[in-house]
Every structure is written in C-alpha cells, then in structure tokens.
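J.: generate a structure from the sequence data that follows.
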Amino acid sequence: MEEKTINVFLASPGELKADRVSFRSFVSEIDETFLKMRRPLKTRMWEGLDASYKGHPEQDEYDRLVKASHMFLALFHTVGGKFTIHEFDVALKEFKKNKQTPKIYVYMKALQEGEKIDSKLEKFQKRLENKKMRLYWTTYSTQDSLHLHFLQQLLIVYADGLSNLKVEDGTVKLWDMDVAKMSNLPFAADNKDYNQLKKELEKLPNEIEKARKRTEKYPDDEDLRDELQEKLNRYNNKKKEFARLQQTLFETSQRIATMQRENLSDKLHHAKEAFESGNLDGANALLDEIVNETELCYKNLKQIHESIYQGIDALLLRAKTKMAEVNIPIKERIEEVHAIYAKADQWAKDSALPDDKLDGLLKDYSKFLYEYGKYKEAEQVLLRLVPLCEKVQGKDNPDTATAYNNIGVVYHRQGDYTRAIKFYQKALDIREKMLGMEHPDTATTYSTIGTAYDNLGNYPKALEYYQKALNIREKMLGKEHPETAMSYESIGAVYDYQRDYTKALEYYFKALNIQEKLLGKEHPDTATTYNNIGLTYDNIGDYTKALEYYLKALDIREKVHGKEHPDIAMTYNNIGAVYDNQGDYPKALEFHLKALNIREKVLGKEHPDIAMSYNNIGSVFFFQGDYPKALEYLQKALSILEKVLGPDHPNTKTGKENMKICQLMKELQDGASEEDLQAILKEIIVVQ
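T.: Numbering: from 1, shown residues only. Predicted coordinates:
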C-alpha cells in the first residue's frame, strides 16, 4: 500500500519555543503510531521551524517550504514575530492560488493575567476576526489542547476521519497512543459538572473504605450494611455518569472539529468558543437561540437553506450538550435527544442537506439509536447511511466498512444472525482490502462474524472465524493481551456448546491466566471468565466445581459493583441453575428470586433479563409439577419478549414453545404418572 507523506510547516515566534519543541515530539509520536498500525499515512515536519533563528537570508528557502507544505501551522502568544505573519501570508496566498494546500491553522495561546499582546499581533488578530478569515484560527491554553486540535484536523483532512480517536479512563487515545488528558482540555477541565463529578469520585473511595471497616466491625448491623451498599451504588453510578459525561464532551469536541473550516454564523461561532472554554451553559443558551431562530426560518425553506444548515449544526451540537446535563434524569435526556435528532433528520430531508453534512448527521443519529436500544430505527438510519458513505467516501473506505458492520450489529441484536453475517462480510471484504489480513480491525470483524455463527449454532464456522481472529491477535498484539484473552474465551465457549468440555476449560484457563496476570484477580473481565468456567463445570455435572467458580465471580462482582447490579443478578441466576440441575428446587427458586429482585430494581419491569428470570422461575415450578404457577411466570416472560424483542426473535419463539409445553403438561397431569412426566420434562423443556 502506497504511503502518503504529509509535510507540516510550523511557524512561531521565539517565545513559544517550548510549545514548538513539544509539538515536534508529538508529531513524531503520531508518525510512529501510524506506521505501527500500518496506516497509509506518514507525517514529516521540516526541521527549519523559525527563520528568525538562522537569519533573514534563509527566508526565501522557508517561503518555498511553506508553499510546498500540506499543512501550515502558526502559533502566537503575545508577539507577532519577525517572520511568522509573513509566512502566514505566503501560505494564504498559495492556498487561494490552488484552492487545496496548504491547509492553514492559526493557534492563539490564551493570555494569562497581566499579559498583553503587541501592536503587530493586535493588528493581525483584527484581520482574523473578519468572518471569512475566522475559519483559519482557534485558541489554545494547554499543549494537550493544541495537540488534540491538530490531530483532529490531520485525521479529518488526510486520514479516515475521527473514528480512531477515543476517550478511555480520562485519556484521549489514537489507537494505543495517549494524545491528551481530559483534565488538560478546557472543555472538560473548566466544565462545572465535570469538576463536581471528579471531586465526588475522589472523595467516595475513602468513605466506602470507612463504611466497609464499620461493617466488618459490626457485621450484624443492617443499617451499616445498607449504608455501605448505598455508597457502593453511588460510587458506581457516579463512575458511569462521569465516563458518560467525558464521552459526551469528547464527542462534542469531535463534532466541533469537523466545523473548523466552515463559515459559521456569529452565534454558532461563539457557541463553539463557549463550549471549548468549558462554558457549557453559555454554549447551550446560544445553541437554543439558533434553534429557535431556525424554527421561524423553516417556514421559508427554499429561501433560507443556509440558515437551516446552521440550525442542523446547532441541533447536532445540542444533542451532545443535552446528554452532558447530568442533573437531568437519563430517561428524560434520552427522550429529548431523540426528539432533537428526529428534528435534525427531518430538516435535512426537507432542505436537501449536502451529502457530507448528511453523512455526519446519520452517523450520530444511528449511534444514539443503537446505544439506547432503538434497533429498528437504527436499522433504517443505517440503511440510508451505507449508500451515502459509498457515494461520499467510496465503496472501499473504512467509513463504509464501519457502516456495513454497524448494520450487522443491529441485525445481530435483533436475533437476525444470517442477515448480520451478510453485512459483517461486506465490512470484512473492505477491511481485508484496505487494512490487510493482519490488522486488529480485521481481527475484530472475524471475531464478530464468529459470534454470529456461534449464535446460529454453526460451531465449525464460529471456530473457524474465532481462530482467524486469534491468529492475528497473537501475532500483532502478543499472546498476553486482553484481546487475545477474548479470543481464547470465545473459542472456549464454542467447545462448551459442542460439549467438548475438556477443550472448553483449556481455553477458558488460557484466558484466565492472561486476565489474572494483566488485569488482576478482582477485575470484572476475570469475574466473567470465572463465571464461564462455572458454566462449563455445570454442564459437565460437576456442581461442586460450578458453585466454586460462580462464587469466585460473585465475590469479585460484589466488591466491584455492590450487591445490586445486573452482573450480580446473572451470577445468582447461574447459581440457581446449578441447584435446579441438582433437583434442589427450593434453593433454585431462592436464587432465581434474588436475581429477579435485583433486575427489577436496576433494569425496570420490561427488559429481556427480567424475562429470563421469569422463565427460570417458571421452569422451577414446572419441574415441581406446579403447572398453574409455571404458566403464570412463563406468560410474564413471553409478554416482555414479545414487546421488547418482537414476535420473530429466537427467544420469543422459545418462550412460546415453553408455554405450549407447560399447557400440554397441565392437561396431561391427571393422565400420567409423575415419573413419566418428569422423564418427558427433562427432554423438552427449554431453560435459558
């Protein structure tokens, strides 16, 4: 694959030498990351960065380098510099001449208290304030904010877009490279909700430890146990809330990055500035004003298309900032954001929104719909997105592959595994062609296809694709990597389903050894593997071992999540299944009811996991011969499945079959012996 060299010219006065040196180091890291990940992109910087250090005679050579560059960056703080503004003008003239390069970016470093700019820079800033010039510049206050903004523009202009940038544990990453700390980015660091949540999270672990010690000292004190549980719940909820806020703020920054080279209205420009400075309330107020103004303009659509496009930009930003309003209940925020996206989509349809803008809208909209379980709607939006991606980016493009993959995921969630594989394969064809056969993204697609075949019960095919993913991960990531462990676990599950329990345990323990070594013995992923080992021993019929590993999983999950969490409920469910298999129905019922109690508290009354609990409670009554009670719970399960997953989902069909069998057994109860009934039951009842 041909590599593309990007020439970057950085100009700045001598006072910004530290920022310039840091930036040069940062670009070198990007270069190494692109090469390591086999991306068709290299970045190179000219070594002569500031003509003022070597004297005027070399300025002509620097002007030539400016004209030959793909990206021209100028940094300013308090002075205009001897040559920096001149080099900007050279770049601007060249850009106007060929309409393509160099792409120009001006960064003004924020002034500290008592600092002032010189007259030369003041005059230059007034030039940039002109609306046509405004798209070239932005402000920065930290090196992290400068680095992130540059990298965003680099990815937008010369790579696959922003999809490979993500935020994890408070750090913005490009694949495995650390780009910036959220705490060093003003849109987060100066956001009041961000700081409030951060303070609460820093304070809570100490409170939890004190509460835990009091509980250990007085283990029979129910109030102390409740207090500890309440603090654990609060801590876990705050962690989720903080992660969600970081993600929302980061996604908003990503959207703003795509608007860098657009001529924005004054209000939208000021809203962008307000967000970037951490003033979320100010940004929201301006965005709401734009949306309200656009509502009035919407009636005269043909004359005011440009205003509509501005309004759509404002709506898409509002969708992000609304999700950041953590003081509003999440259900209410979801409903409001859904309405915002629907309005933006309708405006786009009616106003012939340009393809590149529509592409961004549909990506945001489908992502939101998927994240909040609105799969049917997400499917329709994604089916519109694929032909648009092919039109805008081309058929062989990572964005097009992602769109195909996401449709597959939506069908997968709805239980349509055959159709999911069809779209996964389309994504795989592109990724193999564009990224190669040994790329981590290619491995992820192999694994995803394997999961779909796994769910179809086609275990040889599932194993084939899981093995392909494992081969890549072992080669590219190493044999001791969390993703390699995931492949081992997936292969173990296939052998488990095939009843090759020796092989299943072999692979589960491979995964466990990696997780215990890299993640520790009290990590949620380690708990999941303990759980899966327990399932295998359960299938073998070694119920003592099954309980041992389920209890290990339970111990970790209680420490990490507290006692009211979906993972705790699942562990109770599995322990109940062990007692069910042993014929200890009172014990089975006890644990299935514990699972149900948690799920009703944390998931609500209409969730597939609630249906699972109802089904399992029904099965216990079924095997006890209490068919009226069994029918009551099986009907509750079926009602949820029909409503949430639809009549054609495999789990719904299973629920209907269970109802039929239970009804039949009730009718046969008077005509057959209990022994005969139990023999039939063990063959035909389906327990989830």
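
J.: only C-alpha atoms for contact and neighbour calcs from this point on.
T.: Fine.

J.: I'd say Leu411 and Tyr417 touch.
T.: That one is not Leu; residue 411 is Tyr. Yes: using CA atoms under 8 Å, Tyr411 is in contact with Tyr417, at 6.6 Å.

J.: so where's this structure uncertain?
T.: 1-4, 34-59, 131-132, 134-135, 160, 299-304, 602-604, 606, 644, 669-688 (pLDDT under 70).

J.: can you list the domain ranges for it.
T.: Listed by automatic domain parsing, the domain ranges of the chain are 5-160, 185-352.

J.: quick one, strands of the stretch 401-550 of the chain?
T.: Assigned by DSSP state E, counting those that start in this stretch, the stretch 401-550 of the chain shows no strands.

J.: check the chain too.
T.: For the chain, the strands defined by DSSP state E cover 5-11, 42-45, 71-76, 103-109, 137-140, 165-168, 171-174, 177-181.

J.: what are the ranges of the helices in the stretch 301-450 of the chain?
T.: Using DSSP state H, counting those that start in this stretch, the helices of the stretch 301-450 of the chain run over 305-323, 330-351, 355-371, 375-392, 398-413, 417-435, 440-456.

J.: to clarify, my last question referred to the stretch 501-650 of the chain.
T.: Under DSSP H, counting those that start in this stretch, the stretch 501-650 of the chain gives helices at 501-518, 524-540, 543-561, 566-581, 585-603, 608-623, 627-644, 650-668.

J.: how about CSV for those, with mean neighbour count added?
T.: Converted to CSV, the helices of the stretch 501-650 of the chain look like this (neighbours: other CA atoms under 10 Å):
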stretch, mean neighbour count
helix 501-518, 20
helix 524-540, 23
helix 543-561, 20
helix 566-581, 24
helix 585-603, 20
helix 608-623, 25
helix 627-644, 21
helix 650-668, 18
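
J.: tell me which of these sits nearest to Ala401.
T.: helix 650-668 (27.5 Å; CA to CA).

J.: what is the closest one packed up against?
T.: helix 627-644 (3 or more CA pairs under 8 Å, 6 or more residues apart in numbering; DSSP states H and E).

J.: now the angle from the helix it packs on to helix 608-623?
T.: Between helix 627-644 and helix 608-623, the angle comes out at 160 degrees (axes from the mean of the first three to the mean of the last three CA atoms, to 10 degrees).

J.: hang on, the earlier thing: now the domains of the chain in CSV, with distance to His561 and mean neighbour count?
T.: Shown next, in CSV, are the domains of the chain (distance: least, CA to CA, whole Å; neighbours: other CA atoms under 10 Å):
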stretch, distance to His561, mean neighbour count
domain 5-160, 33, 17
domain 185-352, 6, 18
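
J.: quick one: those domains as JSON lines, columns for distance to Gly457 too.
T.: Output for those, formatted as JSON lines (distance: least, CA to CA, whole Å):
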{"stretch": "domain 5-160", "distance to Gly457": "34"}
{"stretch": "domain 185-352", "distance to Gly457": "34"}
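
J.: who wins for proximity to Gln635 among these?
T.: That would be domain 185-352 among the domains of the chain, by CA to CA, at 27.4 Å.

J.: and the closest one, how far out from the chain's middle?
T.: 15 Å (CA atoms, centre = their mean, to the nearest Å).

J.: what about it, start to end distance?
T.: 36 Å (CA to CA, to the nearest Å).

J.: so who does Leu641 touch?
T.: Counting by CA atoms under 8 Å, 6 or more residues apart in numbering, Leu641 touches Pro608, Ala611, Pro647, Asn651, Thr652, Gly655.

J.: the same query, at a cut-off of 6 Å, please.
T.: If a contact means CA atoms under 6 Å, 6 or more residues apart in numbering, then Leu641 has Thr652 as its contacts.

J.: what about the residue nearest to His412 when sequence neighbours are not counted, distance to Pro219?
T.: Nearest non-adjacent residue to His412, counting by CA to CA, 6 or more residues apart in numbering: Ala420, 5.4 Å away. With distances taken as CA to CA, Ala420 is found 51 Å from Pro219.
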